[in-house]
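J.: just the structure for this:
(one chain, ligands or ions: 1)
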Amino acid sequence: MKKYSQIVRHSGNLPLFDILDISVAGTLAGIPVHVHAEGLRGTGKTTIIRAYKEILPKITRIKGCLYNCDPARPHCPEHRHLTSDQIKKIGVEQIDMPFLEISPSAKKGTVVGSIDLSKLSSQDTPEAALLLGTIPKAHRGIVFVDEINRIADTSPEIVDLLLDVMGTKPGRIQIEEAGLPVLELPVQVSVWSASNPDEEPGPLEDIRRQLSDRFDFTVKVERPTEVWIIKKIINSNSIQDDNVLATQKTMQFIEACNTLEQYEPTNEIKNILSSIYVDYKIESLRCIEACLLGIKIRSALLKRSPSVADLVFVAQSALRHRVDFKELNDILKSLDQKDVSKEVPITANSPAESISNKHDTAKTTEINRDKNQKTIPFNLDSVKNLFRRFAENIKSAKDEKRIMNISNSNPENIKLKAPPQKAIPIDKLDVAEYVKTDEELMR
Ligand SMILES: [Zn+2]
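T.: Presented below is the predicted three-dimensional model:
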């Protein structure tokens, strides 16, 4: 199992790192961010996801609480009625942010909770008690569901649970067991998942669109394409585990969580997203909410004002599973027709302006602020160009899939291309052109 610091970053997997960073910082701040990683076998998506376990920050809970009660907002049946003084007496402790997995063969009882048979059959003090399942135990942390498209196809019970957990922020879970009162709990869990859309039963959005829409972001993970990257990956086992890098990442999450409120997306970004939603008739408002949240957390992680680059970056992962190529083109048209820059008066300086930009890596794409006029001339061309490139990307991916589907079904549907040179009948050829000696073949 590769360590976080040993994983080689390249253009095919970098977006997943960036989106998972957003999710961790969000989870720490109490806002779940659900992420679905899609990619072919061998692209390393599950390796990256599991490596995040090493760099997760700690959370503080009421001492010994298996539900991970936040001392400031206790929610479990045992602690939710206690006063702060009573909680102080119990004490608090720091634990690693939970990271638990739901396997493709998981049953509802193990995911939600079931009756604790060891307590029920205890000879001294038999009692009906609850054995907590994966989701309530992961409160304030992450639950990873590998091969989510298979689960969506074969386990409707688990899908219903995930829909409840991911439906609102925080989500809800209901634990019902014969002999015990029904327990309903708020759950604050970020769901991470992975799937290979080219394997049976196919892409998640085709199997259970409702579940697919619950993911704030869907990230495509691709193979590396450059030789030097492959060489680096081959040698990466010998790279020393770098604790410094892991510690720096953890600190970055904590700082982003503590400063999050200073990075509210600006009005012009909200205007652009609103016009995309309306003009383009996006089915789910979750898409826009995911973009706004993503931009805010990403800016806090990078310690700089929300930028056009942030908008386009998060929009790609927020739109990927919600629109098709035609709709993306409609977005471009709507951006062409609407010059939002003329509509956005600024009433006050953004708090983000006062933040040091010494870590600014995307200064060139930042919004150009004109303080004298109190308006923001927003460069729509850069947004449009980035969306256009993204649209082309989606188009080629969909074309590839269409060709694959055709070739898997009816060979008569395959459009054959004629060879570049016109064929010549064999009787018109000289013998030397189609009969070769051994020596000629060896040349
Ligand atoms: Zn508790």
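J.: now stretch 257-271: mean pLDDT?
T.: Over the span of stretch 257-271, the pLDDT mean works out to 91.
J.: mind checking the end-to-end distance for it?
T.: Length of stretch 257-271, first residue to last, C-alpha to C-alpha, to the nearest Å: 25 Å.
J.: could you list the buried residues of that stretch?
T.: By neighbour count with 16 or more other C-beta atoms under 10 Å, stretch 257-271 contains the buried residues 257, 259-260, 262-271. The C-beta positions use only the backbone N, C-alpha and C, and glycine is treated the same way.
J.: and what of stretch 82-91?
T.: Result for stretch 82-91 [16+ other C-beta under 10 Å]: buried residues L82, I87, I90.
J.: same question, stretch 60-71
T.: By neighbour count on 16+ other C-beta under 10 Å, the buried set for stretch 60-71 is R61, I62, C65, Y67, N68, C69, D70, P71.
J.: show me these that map onto strands.
T.: R61, I62 (DSSP state E).
J.: in this structure, which spans are strands?
T.: Assigned by DSSP E, the strands in the chain fall at 35-39, 58-62, 92-96, 99-102, 113-115, 130-132, 141-145, 171-175, 183-187, 189-195, 217-221.
J.: mean pLDDT for these: which is lowest?
T.: Note on those: lowest mean pLDDT is at strand 113-115, with a mean of 75.
J.: so G44 makes contact with I7?
T.: Yes. Assessed by C-beta atoms under 8 Å, G44 is found in contact with I7 at 7.1 Å.
J.: where does the prediction get shaky in this protein?
T.: Scanning the chain with the threshold set as pLDDT under 70 gives 115-122, 125-129, 237-241, 325-422, 433-434, 436, 439-443.
J.: what residues does it put near the ion?
T.: Neighbours of the ion within the chain, by C-beta under 5 Å from the ion: C65, Y67, C69, C76, H79.
J.: related to what we said a few turns ago, anything in contact with each of G44 and I7?
T.: Each of N13 lies in contact with both G44 and I7 under the rule C-beta atoms under 8 Å, 6 or more residues apart in numbering.
J.: so of the buried residues of stretch 257-271, which two are at opposite extremes in space?
T.: Using C-beta to C-beta, the two most remote members of the buried residues of stretch 257-271 are C257 and N271, lying 27.4 Å apart.
J.: what count of nearby residues applies to T134?
T.: By the criterion of other C-beta atoms under 10 Å, T134 has 21 neighbours.
J.: show me what contacts it?
T.: By C-beta under 8 Å, 6+ apart, T134 lies in contact with L100, E101, I102, A106, T110, V111, V143.
J.: now it: how far from the ion?
T.: Using C-beta to the ion, to the nearest Å, T134 is found at 17 Å from the ion.
J.: please apply the same query to T83.
T.: Separation of T83 from the ion (C-beta to the ion): 14 Å.
J.: from the stretch 301-443 of the chain, which residue is nearest to the ion?
T.: Going by C-beta to the ion, the ion is nearest to L301 of the stretch 301-443 of the chain, at 30.0 Å.
J.: can you tell me which residues contact that residue?
T.: So L301 contacts D21, I22, A25, Q252, F253, A256 (C-beta under 8 Å, 6+ apart).
J.: per-domain residue ranges of the protein.
T.: As recorded under automatic domain parsing, the domains making up the chain are 4-57+97-258, 264-397.
J.: and the ones you listed as CSV, adding distance to D427?
T.: Shown next, in CSV, are those (distance: least, C-beta to C-beta, whole Å):
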stretch, distance to D427
domain 4-57+97-258, 46
domain 264-397, 43
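J.: which one is Y67 nearest to, not counting chain neighbours?
T.: Nearest-residue entry for Y67: C76, 3.6 Å, with adjacent residues in sequence omitted and distances by C-beta to C-beta, 6 or more residues apart in numbering.
J.: any idea how far the one you found is from E157?
T.: Computed as C-beta to C-beta, to the nearest Å, the C76 to E157 distance reads 24 Å.
J.: do the same with I148
T.: 14 Å.
J.: neighbour count winner among those two?
T.: More crowded of I148 and E157, by other C-beta under 10 Å: I148, with 28 against 14.
J.: got a list of what the more buried one touches?
T.: H36, S193, A194, S195, L204, L211.
J.: ok, the first one - how many residues close by?
T.: So that's H36. By the criterion of other C-beta under 10 Å, H36 has 27 neighbours.
J.: I'd say it and R320 touch.
T.: No. Using C-beta under 8 Å, H36 makes no contact with R320, being 9.2 Å away.
J.: ok, the closest residue to the ion within the stretch 201-350 of the chain - contacts?
T.: Per C-beta to the ion, C257 is where the stretch 201-350 of the chain lies closest to the ion, at 21.5 Å. Contacts for C257 (C-beta under 8 Å, 6+ apart) come out as A25, L28, A29, P57, A300.
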